[in-house]
Each structure stands twice: as C-alpha cells, then as structure tokens.
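Peer 1: Fold the stuff below for me.
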Amino acid sequence: MTDSQAPVAPTGSNPVAATPAGVRTAADVVTPEVIAQLTRGVVGSGRTANHTPFTGEKLADLPESTPEDVATAFERARAAQPAWAALSVRARAAVLLRFHDLVLDRQSEVLDLIQLETGKARLHAHEEVLAVSVAARHYGRRAHAYLKPKRHTGVVPTLTKVTELRQPRGVIGQIAPWNYPLELSVGDALPAFVSGNAVVMKPDTETALTALWARDLLIEAGLPPEVFQVVIGEGPVVGPEIVKHADYVSFTGSTRTGREVAQGAAARLVGVSLELGGKNAMLVLEDADVEKAAAGAVRACFSSAGQLCISIERLYVHESVADDFVARFAARTKAMRLGTSLAYGADMGSLVGERQLETVSRHVAEAVEKGAKLVAGGVARPDIGPLFYEPTILDGVEAPMAVCTEETFGPVVSVYRFSDEDEVIALANATPYGLNSSVWTKDGRRGHRVAARLRTGTVNINEGYAPAYGSVQSPMGGMKDSGLGRRHGSEGILKYTEAQTVAQQRLIPLAPSFGMDDAKYAAFMSRSLKAMKALRLR
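Peer 2: Numbers count the residues shown, from 1 in each chain. Alright, predicted model coming up:
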C-alpha cells in the first residue's frame, strides 16, 4: 500500500500511519522454511497455532506439548546441564556476547516477528531488541564477577578459611508472557544460562515464534541445543507441569496466576521469582516542565498500546499546572498515528487479543457512564484492525469505577489532580500494587526525596519507565502484590544459583586443645570474641 492508498481515519480520530511501498508482509516473514527451522527441537506431540493481532489471521502451525512432553523436555535439559555447567563462566559468557552481536545484526528478523505476534509498533518492538542486547552485554561482561568464589572472614580469623561458592540450581522453569516476547523470554533466561543452568521455557503460544527465534540464535552463538528446551501449550495445562519439574521457577504475568505459581513452587520447596501486575502512577509536580512531562506521558502510557507491566495508568498532576498539562497531553495523544505495517512510522499498534480489547472497552465505557470525562480516544478502530483501540485519556475518574483501581493493561490513563506533595504520595501508594512509578520535577533532589517515599520497585525521575528498566546493573521488580524477587543486576543472576559455604579449619580445632578443659576453652573463646569486637572485625 502506498502513501496515497493509506486508509482514511474517521473525523476526530487518531490518524492512520501510511504504509511504505515494498514493506514485508506476514507471508514474506513466516514462511514454511522459517517455521520448520524455529520449531526444530520443540518437544510437542500435538498441534496448535498462533495468530497475528493485526488481522486475526493464522501465522503458523506449531507443536503443542502434553504433560508427558514437558517431562521429556526436563529430562533432556537435566541430562545436558552438567556438561554446560562444567564449562568456565567465561566460556559460557562468550555465548552471550556472540548472541548480543547476532541480535543487533539480525534485528530486522525479530522485529518483524514481534510486530506480527504482538501487534505493537516497530519502535516499541525495538525496545525489546535494546533490552535483550543490554542484558546480554551486561551478563556477558559481569557474570564472572558475580559468580566468582568470594572469600569471607572465618569464625577465627586466619585459622578459619571461608569461601562462598555459587552453584547452578539445575534446570530453570520459565513461564514467559505475550506482551514482551523477546525481552521477557530470553532476556530473563540469559543470566540463568551463564550461571550454568539449563532452561525449559513455556512462551505464550501466540508469541512463541519470537522466543523460538531467540533460541535459534543462542544455539548459533554456541549454546548447546539441549540446554534450552521450549514447550508450547495452554497455560493451565503446561504451566503447572513446568512448576512440577523445575529446580527454580521464573514467572512473569498476572498477580492471580503468580499466586498459583508461588503456591506450587512452595509445595516443592523450590525458589521462585515473580514479576506481576501494576497500577503504576506518574506524578507531575508543580515545578515540572509541563511540555516535557506531556511528551513523556505519551511514552509512559501508550508504549506497546499500554500492554506493559511498568506503563503508567494513573496520572497525578498538580492542580496549578493540570489544565495546561492535560491540554498538551491530549493534543499529543490525538496526533498519535496508528498502524499495522512492518516498518517504522506508527506511534502505536494493536491490542494483542479479544480479552484485552474487552477489558479496555469495559473500563472506559463504565467510567464514562459513571461520570468520567473522555478527553481523548475512547473508541475501537476496526477500520485499522480487529483489535485496535485509540489511546485514551479519562478525567474525573473516581471509585468505584473499575479503571480507578483495576489494572487495565491497555492504552488508557486516568488523570487526577492534587494539591500538595504528601497528598499525592499517599494517593500513589494507595494501591495493592508496587511495580513502577514516575516523578516529574525540575528539582532533582526533590525528585529523589519523593521517590524514596514511593512503595514501588522502580522509580523514574523525568521519564516513565525506560531509565530504571534499562539500567541492568540495578535490580528491577515489584513490591506488595507486584511480585517477588528481582531481575537484573546481582539479584537477577544470583537467584539462579545456590550459595555454598566451604570452611576450612587450620592448625587448631574449634574445640578444647593444648590441654585446656571445657571451662578454660569457653573462657578463652569469650575473651577472643571481645578482642575481635575491639579490633572491629566483622
């Protein structure tokens, strides 16, 4: 379709991005040869399929895994894991660094797949390429430092030599969601691999091709194929089987399902990390740069059509700048271009499924019916695709409207006005979730002071989510109902290991010796402890 043939948007609605001439189509990208290559090695005795949100059409026929297939995948991974763990950390890290280069060099392939499977705009798909590349570089360079043996002071300095080792857990079970199918699949698996584990991953069926592409590229980079197993199937069928067999479980998804995963892992006494839901708040203080805040709010609220765990759904604006901010934010939102082409140019893409469209439509309709004001959007766009919904701003939202407290997970944000700092911090924290938040102010010290009072795992000052998430040396995760554990940084890799303490006693035992009886030994050790405190030994 050429520029002159681009669909005409209804009056007053978001414009449609033009489709450049010669752009690739689903048939060009998902060929029988590509499907055969990517599904090679998947343990699945049944058949299923995935579809593109852009049109609803089928993309590919895929193997479907039964509980027996999941058990087989774990057997294969468990058999391959010891040889992989026996390699040096640097040898395993070299695979990640080669993978880094391959992802960047061949990103057009995976950008097409991400767009086709999720319906997101290409720029938002590119965020996944960036995130995975940064994680591969970080753990490729820093894994040795994270995992190397560490010396600790023994109970009796010089006489007790203590070393902390980090041993791989074995086979990691990973359940990945559909919304960020590259970053939240292989991005979380990379530290598991470099720490010596095998992985059995269950991607969402509708976005399985992206995860399989990442597996194919990791194998090309040098990862033994059996170390990375992929199983495909319905969550209620395959998910519990992952939890049943894994030595550790990594899950990203809804809070409701996360609780079930945690219960299953706890019953087996295996560890678990959970990144769950959010109802994230953005605070625009009275001294914020209103124009920059309005532009930032578009990114914070509508990236990947709002289907991002850390995107903003609650927007608190100081009453002194609220009218100006809302006007600027609405103008930018109404100008966003919606589109389906596998090319840069669209500002927002599609929702991923009927369930998301139903939730978004229901939240908006109920809010308007109960008195909220529609500032922008509020309508579906079937003229573009079956699951398109315009980026939407609501004003005057209040309880008990569902959009006030429930996670929408779509391109909908509610604006609230506040009068002072204490008030807005209390409002932002008044939620069972605690994943991400955003603070806008020209005063950096004030921004940090406010951030420290927000009960969220990450806080971004003068941006929505990217700085904290992209800074992979620092931990990322949720408080309260938003999850357990962290990805990124030392916590993101050490969670995939077991700490082992090796203590060597030298010269004399920790027991009465040199003719001391019990009483003299006890007195000697008591004096020694006091001396160690005086010497400030830790």
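Peer 1: Touching, Thr175 and Pro236? I think so.
Peer 2: Not Thr; residue 175 is Ile. No - counting by Cβ atoms under 8 Å, Ile175 does not reach Pro236; the two are 11.6 Å apart. C-beta: built from backbone N, CA, C; applies to glycine.
Peer 1: Quick check on these two: which one has the bigger neighbour count.
Peer 2: Comparing Ile175 with Pro236 by other Cβ atoms under 10 Å, the one with more neighbours is Ile175, at 27 against 9.
Peer 1: mind checking the backbone torsions on that one?
Peer 2: phi -120, psi 110 (degrees, to the nearest 10).
Peer 1: Once you drop chain neighbours, what's closest to Glu407?
Peer 2: Gly277 (4.7 Å; Cβ to Cβ, 6 or more residues apart in numbering).
Peer 1: what's the neighbour count on Gly353?
Peer 2: Neighbour count of Gly353, defined by other Cβ under 10 Å: 20.
Peer 1: Now do the same contact list for it.
Peer 2: By Cβ atoms under 8 Å, 6 or more residues apart in numbering, Gly353 lies in contact with 53, 178, 206, 387.
Peer 1: The third one against His51, yeah?
Peer 2: It stands for Glu206. Yes - between Glu206 and His51 a contact is recorded at 6.4 Å, counting by Cβ under 8 Å.
Peer 1: Looking only at neighbour counts, state which of the two leads.
Peer 2: Glu206 (21 against 17).
Peer 1: ok, the spatially closest residue to the more buried one that is not a sequence neighbour to Val30 distance?
Peer 2: Nearest non-adjacent residue to Glu206, counting by Cβ to Cβ, 6+ apart: Asn50, 4.7 Å away. According to Cβ to Cβ, to the nearest Å, Asn50 stands 9 Å off from Val30.
Peer 1: okay, and the common contacts of those two?
Peer 2: Common neighbours of Asn50 and Val30 (criterion: Cβ under 8 Å, 6+ apart): 59-60, 209.
Peer 1: give me the number of residues near the closest residue to Lys148 other than its chain neighbours?
Peer 2: Of all residues not flanking Lys148 in the chain, Val89 sits nearest, at 7.4 Å (Cβ to Cβ, 6+ apart). By other Cβ under 10 Å, 18 other residues sit near Val89.
Peer 1: So what pairs up with Leu62 in the strands?
Peer 2: When bridges are called by DSSP bridges, Leu62 pairs up with Thr48.
Peer 1: burial measure for it, as a count.
Peer 2: The number of residues near Leu62, taken as other Cβ under 10 Å, comes to 23.
Peer 1: wait, doesn't it sit right on Gly233?
Peer 2: No - checked against Cβ under 8 Å, the pair Leu62 and Gly233 is beyond contact range at 9.4 Å.
Peer 1: shared neighbours of these two, anything?
Peer 2: 44, 48, 205.
Peer 1: Save those residues as JSON lines, and put in distance to Leu394 and neighbour count too.
Peer 2: Output for those, formatted as JSON lines (distance: Cβ to Cβ, whole Å; neighbours: other Cβ atoms under 10 Å):
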{"residue": "Gly44", "distance to Leu394": "43", "neighbour count": "21"}
{"residue": "Thr48", "distance to Leu394": "37", "neighbour count": "17"}
{"residue": "Thr205", "distance to Leu394": "33", "neighbour count": "20"}
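Peer 1: Closest to Gln37 out of those residues?
Peer 2: The nearest member of the shared contacts of Leu62 and Gly233 to Gln37, counting by Cβ to Cβ, is Gly44 at 15.5 Å.
Peer 1: Relative to Ser528, how far out is the nearest residue to that closest one once chain neighbours are set aside?
Peer 2: Leaving aside its chain neighbours, Gly44 sits nearest to Pro63 (2.7 Å; criterion: Cβ to Cβ, 6+ apart). Distance of Pro63 to Ser528, given as Cβ to Cβ: 64 Å.
Peer 1: what number of residues lie near Ile172?
Peer 2: Residues lying near Ile172 (other Cβ under 10 Å) number 29.
Peer 1: My error: substitute Lys495 in the last question.
Peer 2: Neighbour count of Lys495, defined by other Cβ under 10 Å: 21.
Peer 1: what residues are up against it?
Peer 2: Taking Cβ under 8 Å, 6+ apart as the test, what Lys495 contacts is 248, 271, 273, 485-486.
Peer 1: give me that answer again for 10 Å
Peer 2: 169, 172, 191-192, 195, 248, 250, 271-273, 484-487 (Cβ atoms under 10 Å, 6 or more residues apart in numbering).
Peer 1: No more questions from me, cheers.
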